[in-house]
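# Here is a sequence together with a model predicted from it:
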Amino acid sequence: NSEMFRSLFELIFEAVASKRFIYSFCCFFIFAQSFFAQEKITVLKQKRILFILDASGSMNEKWNGLKKWNIAVSNLSSLIDSFTRQNKDVEIGIRLLGHQFSKELNICTDTKLELPFAKSHTKKDVEMQIGKYTPKGNTPLAYALEQAEKDFQNVEQYENTIVLITDGI
């Protein structure tokens with residue numbers, strides 16, 4: 001590339017000397033623009049949202065007279081409904097934590113991807129699928145986040161987002 005630049009500059013210098021400057025400068029400018037112009041390619045990535053929903057025993061407690069679990073599932077299904085209405089191409093997945101084993105067993109690996117990524121999840125699907133679980137176990141939050149990383153395959157092709165829904169206990 002530096003050899004080519006030297007040759008171009010020598011050509012311009014000679015052109016100036018021989019009073020062909022304007023013509024040569026225009027040719028150089030057009031060439032330089034095409035040579036230096038970097039084509040900006042915007043790659044639109046598929047969007048994926050993974051909801052991690054706390055289904056540990058503390059979600060059985062009431063808040064403002066309602067079970068935290070019911071509030072969380074209702075809000076989650078409404079949120080997913082909003083996302084899918086706004087963007088039909090967004091893929092939604094749901095991972096639960098603390099829902100498979102009782103708290104007494106003290107299982108710290110209680111998490112599972114219950115709804116794999118898909119564009120077709122509806123509010124009703126979420127309420128039916130996730131609503132069948134009941135909160136009962138511990139809160140393996142760190143472990144669930146580690147496992148969530150494995151849920152995202154082909155990372156280069158996607159814009160991935162995690163939304164954590166928990167009562168923080």
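Noted; the coordinates are in hand. Numbering: from 1, shown residues only.

# And the strands in the chain?
In the chain, strands defined by DSSP state E lie at 46-54, 62-63, 66-67, 91-97, 111-118, 158-165, listed in chain order.

# tell me the angle the fifth one makes with strand 46-54.
Taking axes from the mean of the first three to the mean of the last three Cα atoms, to 10 degrees, strand 111-118 and strand 46-54 form an angle of 150 degrees between their directions.

# can you check the fourth one too?
Following the same axes, to 10 degrees, one obtains 20 degrees for the angle between strand 91-97 and strand 46-54.

# Return the helix or strand in the chain with minimum mean pLDDT.
Sorting the helices and strands of the chain by mean pLDDT, DSSP states H and E puts helix 21-36 at the bottom, at a mean of 44.

# picking that back up, any idea which of the strands of the chain is most buried?
Most buried of the strands of the chain by mean neighbour count (mean count of other Cβ atoms under 10 Å) is strand 91-97; its value is a mean of 23. Placement of C-beta: from N, CA and C, glycine included.

# What strands line up against that one, and which way round?
If you go by DSSP bridges, strand 91-97 pairs up with strand 46-54 (parallel), strand 111-118 (antiparallel).

# Can I get those in CSV including mean pLDDT and distance to residue 154?
Listed next are the strands paired with strand 91-97 as CSV, based on pLDDT from 0 to 100; distance: least, Cβ to Cβ, whole Å:
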stretch, mean pLDDT, distance to residue 154
strand 46-54, 92, 9
strand 111-118, 94, 11
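
# and the longest helix along the chain, what other elements does it pack with?
Assignment by DSSP state H gives helix 68-86 as the longest helix of the chain. For helix 68-86, the elements it packs on are strand 46-54, strand 91-97, helix 123-131, strand 158-165, judged by 3 or more Cβ pairs under 8 Å, 6 or more residues apart in numbering; DSSP states H and E.
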